[in-house]
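>>> 3D, please:
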Amino acid sequence: MKMSNFRWVICALLFFATTVNYLDRQVLSLTWKDFIAPEFNWTDNDYGTITAVFSIIYALCNLFAGKFIDWMGTKKGYLWAIFIWSLGACLHAACGVGTGWLKAAGFVSMMGITVSVWLFLACRAVLALGEAGNFPAAIKVTAEYFPKKDRAFSTSIFNSGSSVGALAAPLTIPLIAKFCGWEWAFIIIGALGFVWMGFWMWLYKKPAENPRVNAEELAYIQQDEEGTDGRSGAPAPLPDEAAAPRISYAKAFSLPQTWALVLGRFLTDGVWWFFLFWTPGYLSDQFGYKSSDGMGMALIFTLYVIVTFVSIYLCKLPTIMVDKKGMNPYEGRMVAMFVFACFPLLALGAQPLGAFSAWWPAILIGLACAGHQAWSANVYSVVGDMFPKSTIGTLTGIAQFAAGCGSFMVNKSAGKLFTYAAEQGDAFTFCGYSGKPAGYMILFSYCAVAYIIGWACMKGLVPHYKKVEL
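The predicted structure is shown next:
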């Protein structure tokens with residue numbers, strides 16, 4: 001009998017969930033500079049506060065989201081996650097009305113933060129709470145439905161949903177905000193998550209229980225399990241997940257494998273979030289292209305086209321290393337990740353070449369982000385390689401927590417730096433740039449070297465493959 005391929009349908013569901021996830025995140029970054037900031041008089045520091053607080057709440061929620069997914073199970077856990085983040089996304093639309101009511105009641109600012117910022121912070125907190133469940137659940141599903149050798153590629157496919165979401169965002173969100181109002185951009189995009197929930201309830205079951213997965217495909221999925229090679233013989237029975245060993249935080253943080261994941265995410269994820277949150281504002285500040293202008297939309301669209309297709313191609317490299325070079329999955333992955341770590345170095349050319357055309361920063365940032373997406377997909381896959389399936393949600397949550405902390409530091413620093421640099425003008429210089437362009441050059445320099453440092457830390461902590469035994 002021909003092997004079924006239902007695992008790729010599941011992968012497609014993960015892809016669409018991640019696409020919706022990133023669409024919801026991008027609504028604010030594509031509307032704040034040209035639509036929301038003029039209405040509420042936000043500064044770069046205000047926006048930096050919102051993005052930074054979102055990141056730290058996202059990080060804290062990730063620390064527990066993985067445990068929640070492991071406890072609740074992938075089906076119910078994923079449903080709860082996307083319900084909460086879709087609700088949070090839609091709630092942003094009420095911030096304008098809420099600000100008006102609070103101002104009418106005499107509230108203008110609290111603790112030096114305007115009421116509009118507080119309301120957006122509250123909505124971002126709900127969004128962060130739900131979105132924290134996306135990647136722990138998706139990584140757990142990937143480990144359930146794919147053998148180790150295919151996990152990096154399948155992860156790169158669903159993880160490319162972040163690029164596709166960012167790709168679709170500039171073509172849709174600014175137009176919705178321009179013609180319908182920024183509030184409707186949050187409502188329409190947020191409602192997509194509720195649609196996804198219906199498909200997940202209909203299609204998802206564990207492989208051994210799913211009637212759409214035949215015996216041949218189940219054997220292929222379980223080829224790493226003891227008792228089957230995926231090509232002959234009956235597949236080994238999977239242990240009851242409820243009875244499978246769990247990992248405590250104390251045990252997890254005592255392992256060098258955990259710290260390799262933590263540093264690999266902490267040092268690098270802030271780069272992705274910085275480009276995701278600040279690129280539309282950068283193009284508006286430095287080149288005068290608003291997100292709702294044709295040129296602004298074209299630049300951001302081109303950037304994420306590069307991210308999407310180059311990252312998927314790059315993620316084939318670990319499979320090549322394993323199948324053609326004979327490396328074990330960890331060795332092949334680390335060689336490939338060093339290649340990925342070199343791509344962000346191209347960000348060093350964004351500011352200098354921007355003097356000739358805005359297309360150069362868009363292209364170079366796109367290539368840097370493609371390197372990040374390939375890096376990120378493989379960091380996720382390292383979890384599945386080294387840790388038991390019953391602990392994947394927890395370990396992914398820890399890694400996501402580290403990523404959120406790194407993002408908090410980068411985004412808050414960016415907001416304060418850009419506001420300070422703009423105020424200082426020519427008195428603030430770096431690498432031949434002054435004022436706000438100098439601030440961008442500082443951030444681009446960090447983004448360029450972060451991955452090389454992260455790779456060295458990971459390789460130093462876990463020089464060779466070593467599976468965690470509980």
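>>> Ile113 contacts Thr49, doesn't it?
Yes: Ile113 lies in contact with Thr49 (CB atoms under 8 Å); the separation is 7.0 Å. C-betas here are computed from N, CA, C, even on glycine.
>>> between these two, what contacts are shared?
Here Ile113 and Thr49 share the contacting residues Leu121, scored by CB atoms under 8 Å, 6 or more residues apart in numbering.
>>> so which of these two has more stuff around it?
Thr49 (20 against 13; other CB atoms under 10 Å).
>>> ok, Trp32 - how many residues close by?
Trp32 is flanked by 24 other residues according to other CB under 10 Å.
>>> do Cys123 as well
Neighbourhood size, Cys123 [other CB under 10 Å]: 23.
>>> helix, strand, or coil at it?
Assigned with DSSP: H, G, I helix; E, B strand; the rest coil, Cys123 falls in the helix class.
>>> can you pull the contacts of it?
For Cys123, the contact set (CB under 8 Å, 6+ apart) comprises 88-89, 91-92, 94-95.
>>> now the buried members of those residues.
Taking 16 or more other CB atoms under 10 Å as the criterion, what is buried in these is 88-89, 91-92, 95.
>>> just send those residues back as a markdown table, with secondary structure, pLDDT and distance to Phe146 too.
Listed next are those as a markdown table, based on DSSP: H, G, I helix; E, B strand; the rest coil; pLDDT from 0 to 100; distance: CB to CB, whole Å:
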| residue | secondary structure | pLDDT | distance to Phe146 |
| --- | --- | --- | --- |
| Gly88 | helix | 94 | 30 |
| Ala89 | helix | 93 | 29 |
| Leu91 | helix | 94 | 35 |
| His92 | helix | 93 | 35 |
| Cys95 | helix | 89 | 40 |
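>>> mind putting these in a markdown table, distance to Leu395 included?
A markdown table is the format used below for the buried ones among the contacts of Cys123 (distance: CB to CB, whole Å):
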| residue | distance to Leu395 |
| --- | --- |
| Gly88 | 25 |
| Ala89 | 27 |
| Leu91 | 31 |
| His92 | 31 |
| Cys95 | 35 |
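>>> nearest to Leu283 among the residues you listed?
Nearest to Leu283 among these: His92, at 22.5 Å, using CB to CB.
>>> skipping adjacent residues, who's closest to the closest one in space?
In space, and not counting its chain neighbours, His92 is closest to Phe186: 4.0 Å by CB to CB, 6 or more residues apart in numbering.
>>> low pLDDT regions in the stretch 251-400 of the chain?
Counting by pLDDT under 70, the stretch 251-400 of the chain has low-confidence residues at 380, 383-384.
>>> can you show me the helices along it?
For the stretch 251-400 of the chain, applying DSSP state H, counting those that start in this stretch gives helices covering 256-266, 269-287, 294-314, 317-323, 329-342, 350-354, 359-386, 392-424.
>>> among these, which is nearest Gly198?
Comparison of the helices of the stretch 251-400 of the chain against Gly198 by CB to CB identifies helix 392-424 as nearest, at 23.5 Å.
>>> how far does the closest one sit from the chain's center?
Its chain's average C-alpha position is 13 Å from that of helix 392-424, according to CA atoms, centre = their mean, to the nearest Å.
>>> C-terminal to that helix, what's the next element?
Sequence-wise, the next helix or strand downstream of helix 392-424 (DSSP states H and E) is strand 429-430.
>>> sheet partners, orientation included, of that next one?
Using DSSP bridges, strand 429-430 pairs in its sheet with strand 433-434 (antiparallel).
>>> if we can go back for a sec, of the contacts of Cys123, closest to Leu129?
Gly88 (7.1 Å).
>>> touching, that closest one and Gly130? I think so.
Yes: checked against CB under 8 Å, the pair Gly88 and Gly130 is within contact range at 5.8 Å.
>>> just to revisit the earlier point, nearest to Ala250, of the helices of the stretch 251-400 of the chain?
Comparison of those against Ala250 by CB to CB identifies helix 256-266 as nearest, at 10.9 Å.
>>> and Ala208, how many neighbours?
Look at Ala208: counted by other CB under 10 Å, it has 13 neighbours.
>>> ok, Trp359 next?
Neighbours of Trp359 under the rule other CB under 10 Å: 16.
>>> please apply the same query to Leu255.
18.
>>> next up, the contacts around it.
If a contact means CB under 8 Å, 6+ apart, then Leu255 has Val468 as its contacts.
>>> now Asp285
Contacts for Asp285 were tallied using CB under 8 Å, 6+ apart; they are Lys436.
>>> please identify which helix or strand holds the nearest residue in space to Asn134 that is not next to it in sequence.
Spatial nearest neighbour of Asn134, chain neighbours left out: Asn21 (5.0 Å); criterion: CB to CB, 6+ apart. Taking DSSP H and E as the definition, Asn21 sits inside helix 6-31.
>>> and for the helix or strand following that helix, what's in contact with it?
Using DSSP H and E, the helix or strand that follows helix 6-31 in sequence is helix 37-40. Applying CB under 8 Å, 6+ apart, the external contacts of helix 37-40 come out as 46-47, 96, 99, 114, 116-117.
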